[in-house]
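Trainee: Next input, structure requested:
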Amino acid sequence: MTNREAEQRLRDEAKSLLESAKVDYIVGFADGSLKFHTTPLITRNKDDVDHLVINPFMASNLAKFLTELEGRVGIVAKGCDSRSIVSLVQDNKVSREKVVIVGIPCRGMINLSKIEQLAGKESDEIDDITRQGDKVVVKLDGSEKEIPVKEVLFDHCLACELPTPKEYDLLIDEPIPATPDEEASQAKINKLEELSHHERWRFWQNEFSRCIRCYACRNVCPACYCQRCFVEEAEPQWILSIPKWQDNLIFQIIRNIHLAGRCTDCGECERACPVNIPLRSLSKEMYDLVGELFGFKSGMEIDAAPLLTHYELEEAEDFFR
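Mentor: Numbering: from 1, shown residues only. This next block holds a predicted model:
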């Protein structure tokens with residue numbers, strides 16, 4: 001199925017869901033106001049679904065909106081989005097019966113920052129960006145430049161374990177097999193692990209000295225659904241309201257502990273950061289620790305009990321060895 005055909009089928013299915021009153025809202029992606037950007041589309045109007053798009057720039061995780069909408073929702077979901085939806089269902093924050101998941105097989109989202117760096121131009125100066133198989137073609141100043149797709153995808157996309165949603169009600173287009181490239185995805189993290197403890201501490205000190213505490217990382221995260229965040233508490237006051245690097249670090253450490261077993265490695269925290277702090281380097285480390293210690297991956301099995309709510313009757317006793 002071509003991209004245009006998949007896009008049309010998505011629009012037809014979304015319109016059908018609204019017309020048949022199976023859902024009250026459709027949540028998907030529409031073209032943004034800037035080139036090569038998309039924006040969330042949330043609508044109850046069946047005519048608005050003609051603006052739904054499928055392209056390699058649908059980076060947002062739309063699962064975040066499910067905790068904010070009342071009624072039945074039809075939501076467009078990539079693999080990582082579907083994992084976040086499953087995690088919300090497991091935590092009883094979303095009712096599965098009130099969600100129609102329209103699955104979109106995903107070959108990875110293009111990171112515009114990587115394109116700009118390789119092309120040496122800002123995105124508004126680029127004429128066109130298209131994906132053609134394993135390459136991305138960038139049209140610039142009347143010429144074309146081919147770039148291997150792995151060089152321009154988001155890091156979390158390179159390690160994607162679920163390109164086709166496992167949990168869905170409708171699937172647009174054919175399933176895509178998982179081909180994770182953990183080495184490429186872990187490149188930045190591996191460089192950090194090669195540093196000494198002192199060098200790593202200094203690295204994070206420098207990074208969090210740039211943090212403006214805008215909370216974009218928290219606000220885009222589907223797993224951050226607390227009505228009142230601990231940083232807003234005054235009694236006791238966990239951290240100061242001014243963005244000192246020590247308090248910024250404490251915020252991220254506590255947030256990562258809170259998200260253990262809920263993070264699906266969707267990369268939204270790092271993508272949303274306006275000062276480009278490599279937040280996925282922290283969240284992915286916690287994601288891997290949860291997998292190593294508990295054999296648990298968030299959002300994979302809808303019938304699985306959430307992390308730390310399930311235990312085995314027999315102790316593994318691995319720590320005695």
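Trainee: Can you name the residues in contact with stretch 236-247?
Mentor: Q205, F208, S209, C211, I212, R213, F230, V231, I250, F251, I254 (C-beta atoms under 8 Å, 6 or more residues apart in numbering). C-beta here means a position set from N, CA and C on the backbone, and glycine is covered the same way.
Trainee: Please point out which parts of it sit buried.
Mentor: Within stretch 236-247, the residues that qualify as buried by neighbour count (16 or more other C-beta atoms under 10 Å) are I239, P243, D247.
Trainee: and if you look at stretch 19-32?
Mentor: Of the residues in stretch 19-32, those buried (16+ other C-beta under 10 Å) are V23, Y25, I26, V27, G28, F29, A30, D31.
Trainee: Then stretch 69-86?
Mentor: When neighbours are counted by 16+ other C-beta under 10 Å, the buried residues of stretch 69-86 are found to be 69, 72-86.
Trainee: what about I239, which SS state?
Mentor: Remark: I239 carries the secondary structure label coil [criterion: DSSP: H, G, I helix; E, B strand; the rest coil].
Trainee: Name the nearest residue to it, ignoring sequence neighbours.
Mentor: For I239, ignoring the flanking residues on the chain, the nearest one in space by C-beta to C-beta, 6 or more residues apart in numbering is D247 at 3.8 Å.
Trainee: Then W204?
Mentor: Counting by C-beta to C-beta, 6+ apart, the nearest residue to W204 once its immediate chain neighbours are dropped is L249, at 6.3 Å.
Trainee: In contact with the one you found, which residues are there?
Mentor: With contacts taken as C-beta under 8 Å, 6+ apart, L249 has the following neighbours: W204, Q205, F208.
Trainee: same question, C211
Mentor: Under the criterion of C-beta under 8 Å, 6+ apart, the contact partners of C211 comprise P243, W245, N248, V275, I277.
Trainee: Filter those residues down to just the ones in helices.
Mentor: Per DSSP state H, helices hold the following members of the contacts of C211: W245, N248.
Trainee: Just put the contacts of C211 in CSV and tack on distance to D155 and pLDDT.
Mentor: Shown next, in CSV, are the contacts of C211 (distance: C-beta to C-beta, whole Å; pLDDT from 0 to 100):
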residue, distance to D155, pLDDT
P243, 25, 84
W245, 24, 91
N248, 22, 93
V275, 17, 95
I277, 14, 96
